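>>> Sequence isn't available, so here's the structure alone:
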């Protein structure tokens, strides 16, 4: 049977039952990746422009307006800076502590489900390899059954079973490769975002305690 002339459903069925967990992995990976891309897009702001607005208000001692700007900005950076502004009249250690406490809540939200995405990227090829192994086991079971009945084993008996078994490895890699690429890209974006948060927090602390 020509692989390129088969439908996706035919290929899926030919891969055996192990194709189902690979399909589930692909669905979870796609859902997590799309959710993270959407979330990072939603919380992305011009950090320097936002910080400039906050510092301008604080220079005029307009703390209420600075807090209002933070409340109207949907971003973890705004939440963290707000925690520092609320302690603007306290010593530097207390301001830093307030910002760090807010970060302990916000950073895990930003990194949520990244570990799951990495797990899928690593597990998918292993599931595919498991399908190949179980497929080979079934193939040799068929050979044994023919041998015990004294029927000749043809190369076609081996080739057909082997290529079907290898379909699961292909499917696992098809899921794993884009998932791993998406994971690395998201990690890079999140690390950059966290760095921006740290820079903005440091500038605010320096301004409030100078």
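Structure's in. What do you need? Quantities reported herein were computed from a predicted structural model and do not represent experimental measurements.
>>> Quickly list the domain ranges of the chain.
7-41+113-194, 45-111+199-209 (automatic domain parsing).
>>> Please state the offset of the last one from the chain centre?
From the chain centre to the centre of domain 45-111+199-209 is a distance of 27 Å (C-alpha atoms, centre = their mean, to the nearest Å).
>>> Among the domains of the chain, show the one with the smallest mean pLDDT.
Ranked by mean pLDDT, these bottom out at domain 7-41+113-194, which scores a mean of 85.
>>> now the end-to-end length of that domain.
Start-to-end span of domain 7-41+113-194 (C-alpha to C-alpha, to the nearest Å) is 45 Å.
>>> Could you do stretch 104-120 as well?
Start-to-end span of stretch 104-120 (C-alpha to C-alpha) is 26 Å.
>>> Let me see the contact set for residue 162.
Residues in contact with residue 162 (C-beta atoms under 8 Å, 6 or more residues apart in numbering) are 135-136, 139. C-beta coordinates here come from the backbone N, C-alpha and C atoms, glycine included.
>>> ok, and the most crowded of those?
Counting neighbours by other C-beta atoms under 10 Å, residue 135 comes out on top of those with 23 neighbours.
>>> Backbone torsions only: list them for it.
When read as degrees, to the nearest 10, the backbone of residue 135 gives phi -60, psi -40.
>>> any idea how far the nearest residue in space to it that is not next to it in sequence lies from residue 99?
Nearest in space to residue 135, with sequence neighbours left out and distances taken as C-beta to C-beta, 6 or more residues apart in numbering, is residue 165 at 2.5 Å. As judged by C-beta to C-beta, to the nearest Å, residue 165 and residue 99 stand 55 Å apart.
>>> likewise residue 16?
53 Å.
>>> higher neighbour count, these two?
Between residue 16 and residue 99, residue 99 has the larger neighbour count (other C-beta under 10 Å), namely 24 against 17.
>>> Now do the buried residues in the helix or strand residue 122 falls within.
Using DSSP states H and E, residue 122 maps to helix 114-148. Buried residues in helix 114-148, counted by 16 or more other C-beta atoms under 10 Å: 117-118, 120-121, 123-125, 127-132, 135, 139.
>>> counting contacts, what elements does it pack onto?
Judged by 3 or more C-beta pairs under 8 Å, 6 or more residues apart in numbering; DSSP states H and E, helix 114-148 is in contact with helix 19-43, helix 155-209.
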